[in-house]
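S.K.: Sequence plus predicted model, see below.
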Amino acid sequence: MISRDSCAARDAADRLAPLRLLFAMDRVDAQGVVYLDGNSLGVLPASAPARIREVAEVEWGEGLIRSWNSARWITLSQRIGDKIARLIGAGPGEVVVADSTSINLHKVLSSAIAMKAGSKDPAPRILSERSNFPTDLYIADTLAKQHRFELLLIDDVDVTGHLDDRLAVLMLTQVNYRTGYMHDMAAVTKAAHDAGAIVIWDLAHSAGAVPVNIYGNGPADAADFAVGCGYKYLNGGPGAPAFAWVHPTHTAWMDREHFRQPLSGWLGHAAPFAFSPDYEPASGIARFVCGTPPVISLAALECGVDTVLAAERTGGIAAIREKSIALTQLFIDLVEQRCSGHGLALASPRDASNRGSQVSFARPTHGYEIMQALIARGVIGDFRAPDLLRFGFTPLYTRFVDVWDAVDRLRSVLDSGEWRDARFSARAAVT
């Protein structure tokens, strides 16, 4: 029988439990808040405020412009990129931190299109899921129209049945932002490569939460490009810079062809401080940098990435994944046991091997109001239109008792009908 005491016992035996101290949870706990929205914005790392003050007051305030050299600001993008590389199975010098996920997707999708232009007849296709994150679809639609590609959106999570000889680029998010469905990256990549396509993965909802091996089991199932977010499971803070990875085979080709990614900014130049009026792309992944790096944001992101890397001492990403499965399964079991009869239907995969570190329940009506009432009771999840109540589980700081308390309060919201209060139907700008 599941009880709060049994959940507390699981916390006491949790090898990742000490890592919760790496986060500023005291104020959260003092408010009685259960935070289940780390898949949208990670919790503040405890080290971040002091590090941000150091950058602002010492490196900027005292060092001034000298800190580009003395504090090595100029190499932050590469240094943090190397840390993120350890979380996605990439090598040193292969990942760069810059800009936003949207901008990086524009860079890599444009590059993939350039590599496949003229390779298919009739119009080559970009394939993605209709339920992919909207920014990915908007950018793909814009670039498809610019380059006379066809954008094909499917509703089937099994994309392999849609891979044909017209496919040029497959663009997917490994863990779906709505349902948490997780693709088998290696298997899907291999199938797409067999069809002659280039594969782009968005790792926004997987990097730092689930094991990622960007190289798969060998050349046939190694991805071609990847992008990812810095402020979800990497805990980098609101609007944190994102990252991009390009397979070294492609960067080598770009070096030979002097290939320009579409946003050829000055720091992506081979010699930015030569201030040449003529653009010459830097070698390797460095050409995917565009403008001056946001130093304060990067400092916060590095603190966040370090919280994930700290798990290497207690089992690493495998331990994070093990706890993620346990947390999400506990949540599913408790909601279905204790909140039955209220119209909630599991929208996430029941099979844990296909589920990322989140759980979504669908409710045909009034899902928004229920979530707002739940937030008022101190359980923070979020709502995704038209009908999803979404809950994220970050194993570094989410406890098993948090799961119990969240479901207990959800049951109270549903049983009492308090969500019917008119104040919970007022739509906020961010849901």
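M.R.: Looks like it came in fine.

S.K.: would Asp14 count as being in a helix?
M.R.: No - when classified by DSSP: H, G, I helix; E, B strand; the rest coil, Asp14 is found to be coil rather than part of a helix.

S.K.: For Lys232, see how far away it is.
M.R.: The gap separating Asp14 from Lys232 is 22 Å, by Cβ to Cβ, to the nearest Å. In this view, the C-beta of every residue, glycine as well, is placed from N, C-alpha and C.

S.K.: same thing with Pro262?
M.R.: Distance, Pro262 to Lys232, using Cβ to Cβ: 26 Å.

S.K.: Find the helix or strand that Ala112 is a member of.
M.R.: In this structure, Ala112 sits in helix 101-116 according to DSSP states H and E.

S.K.: got the CA coordinates for that helix in CSV?
M.R.: Taking only C-alpha atoms (Å, rounded to 0.1, in the frame of the first residue of the first chain), the coordinates of helix 101-116 have been written out as CSV:
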residue,chain,number,x,y,z
THR,A,101,16.9,27.1,-29.2
SER,A,102,14.8,28.7,-31.9
ILE,A,103,17.8,30.5,-33.4
ASN,A,104,20.0,27.5,-33.2
LEU,A,105,17.4,25.4,-34.9
HIS,A,106,17.2,28.0,-37.7
LYS,A,107,21.0,27.6,-38.1
VAL,A,108,21.1,23.8,-38.2
LEU,A,109,18.0,23.3,-40.3
SER,A,110,19.2,25.9,-42.8
SER,A,111,22.5,23.9,-42.9
ALA,A,112,20.7,20.6,-43.4
ILE,A,113,18.6,22.1,-46.2
ALA,A,114,21.7,23.4,-47.9
MET,A,115,23.3,20.0,-47.8
LYS,A,116,20.2,18.4,-49.4
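
S.K.: what's the distance between that helix and the middle of its chain?
M.R.: Between the centre of helix 101-116 and the centre of its host chain there is 18 Å, according to Cα atoms, centre = their mean, to the nearest Å.

S.K.: Run through the neighbouring helices and strands of that helix.
M.R.: Contacting helix 101-116 under the criterion 3 or more Cβ pairs under 8 Å, 6 or more residues apart in numbering; DSSP states H and E are the following elements: helix 134-147, strand 167-173, strand 198-202, strand 225-228, strand 243-246, helix 248-257.

S.K.: Go through those and name the closest to Gly316.
M.R.: Minimum separation from Gly316 across the helices and strands packed on helix 101-116 (Cβ to Cβ) falls at strand 225-228, 17.9 Å.

S.K.: Can you give the strand pairings for that closest one, parallel or anti for each?
M.R.: Paired with strand 225-228 in the same sheet, following DSSP bridges, are strand 198-202 (parallel), strand 243-246 (antiparallel).

S.K.: Give the rounded mean pLDDT of it.
M.R.: pLDDT averaged over strand 225-228 equals 98, rounded to a whole number.

S.K.: then it to CSV, C-alphas only?
M.R.: Taking only C-alpha atoms (Å, rounded to 0.1, in the frame of the first residue of the first chain), the coordinates of strand 225-228 have been written out as CSV:
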residue,chain,number,x,y,z
PHE,A,225,22.5,17.9,-35.9
ALA,A,226,21.0,18.6,-32.4
VAL,A,227,19.9,21.6,-30.5
GLY,A,228,18.7,22.0,-26.9
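
S.K.: Give me the three-state assignment for the nearest residue to Ile370 once chain neighbours are set aside.
M.R.: In space, Ile370 comes closest to Trp419 once its chain neighbours are excluded; the distance is 4.6 Å by Cβ to Cβ, 6 or more residues apart in numbering. When classified by three-state DSSP, Trp419 comes out as helix.

S.K.: Ok, Ile52 next?
M.R.: Local secondary structure at Ile52 is given as helix here, using three-state DSSP.

S.K.: dump the residue contacts of it.
M.R.: Ile296, Ala299, Ala300 (Cβ atoms under 8 Å, 6 or more residues apart in numbering).

S.K.: The helix or strand hosting Phe361 - contacts with which helices or strands?
M.R.: Secondary structure assigned from DSSP H and E places Phe361 in strand 358-362. Identification of packing neighbours for strand 358-362 by 3+ Cβ pairs under 8 Å, 6+ apart yields helix 316-338, strand 345-346, strand 388-392.

S.K.: that older thread, could you identify which of the strands paired with strand 225-228 is most buried?
M.R.: strand 243-246 (a mean of 29; mean count of other Cβ atoms under 10 Å).

S.K.: now could you export just the CA positions of that strand as PDB?
M.R.: Taking only C-alpha atoms (Å, rounded to 0.1, in the frame of the first residue of the first chain), the coordinates of strand 243-246 have been written out as PDB:
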ATOM      1  CA  PHE A 243      23.200  24.800 -27.300                       C
ATOM      2  CA  ALA A 244      23.900  23.300 -30.700                       C
ATOM      3  CA  TRP A 245      25.800  20.200 -31.900                       C
ATOM      4  CA  VAL A 246      26.900  19.200 -35.400                       C
END
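
S.K.: so how far is that strand from its chain's centroid?
M.R.: Mean-position distance between strand 243-246 and its chain equals 13 Å (Cα atoms, centre = their mean).

S.K.: Need the contact partners of that strand.
M.R.: For strand 243-246, the external contacting residues (Cβ under 8 Å, 6+ apart) are 80-81, 84-85, 88, 90, 94-98, 104, 107-108, 111, 207, 214, 223-228, 230, 254, 285, 288.

S.K.: shaky segments in the chain?
M.R.: Counting by pLDDT under 70, the chain contains low-confidence ranges at 119-121.

S.K.: Enumerate every residue touching the spatially most central residue of it.
M.R.: Within the chain, one residue has its C-alpha closest to the average C-alpha position: by Cα atoms, centre = their mean, that is Ala204, at 1.8 Å. For Ala204, the residues meeting the contact criterion (Cβ under 8 Å, 6+ apart) are Thr101, Phe133, Thr173, Val175, Tyr177, Val227, Gly228, Cys229, Lys232.
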